[in-house]
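Novice: the sequence and its predicted three-dimensional model are supplied below.
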Amino acid sequence: MIGNESRSDLEALEMCIRSSMHHIGSKVLEGFINADGGGYQGKSLSGDNGQTYEFSEYRKKEVLTVLGTVAISVKLSQLIPLHRSIRAMHGDWI
């Protein structure tokens, strides 16, 4: 029969292993989710409505999963009117 001290040591060991596996699993999940490199498709994109969107930056968003916290790279694009994009590239001579 296992004594109370041995039982608590076994429980502590199980909790340590479980915590470690969750941490490892969250890192593997994070790598899998971000494997596409953020989906970069160029400096500007055309939307479904014909508007031009210009790539702005990547931002990290943290999501809590059953494995732990996972950081996801999210592409931030903003709507830039075409005349502003041309002005930014060529100066204010327009």
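Specialist: Looks like it came in fine. Numbering: from 1, shown residues only.

Novice: what's the longest strand in the chain?
Specialist: Counting by DSSP state E, the longest strand found in the chain is strand 52-64.

Novice: how far does that strand sit from its chain's centre?
Specialist: Distance, stretch centre to chain centre, for strand 52-64: 8 Å (CA atoms, centre = their mean, to the nearest Å).

Novice: helix or strand next in line after that strand, which one?
Specialist: For strand 52-64, the following helix or strand on the C-terminal side (DSSP states H and E) is strand 69-79.

Novice: need the residues that contact that following strand.
Specialist: For strand 69-79, the surrounding residues in contact (CB atoms under 8 Å, 6 or more residues apart in numbering) are 26, 29-30, 33-34, 38-40, 45, 47, 51-64. In short, each C-beta sits where N, CA and C put it, glycine included.

Novice: and the residues you listed, which are buried?
Specialist: When the contacts of strand 69-79 are checked for burial by 16 or more other CB atoms under 10 Å, the buried set is Ser26, Leu29, Glu30, Asn34, Glu54, Phe55.

Novice: and these, which two are furthest apart?
Specialist: Ser26 and Glu54 (32.8 Å; CB to CB).

Novice: which strands or helices does the longest strand of the chain pack on?
Specialist: Helices and strands touching strand 52-64, by 3 or more CB pairs under 8 Å, 6 or more residues apart in numbering; DSSP states H and E, are strand 44-46, strand 69-79, helix 82-90.

Novice: swap the cut-off to 10 Å and go again
Specialist: When contacts are defined as 3 or more CB pairs under 10 Å, 6 or more residues apart in numbering; DSSP states H and E, strand 52-64 sits against helix 4-33, strand 44-46, strand 69-79, helix 82-90.

Novice: sweet, I'm off.
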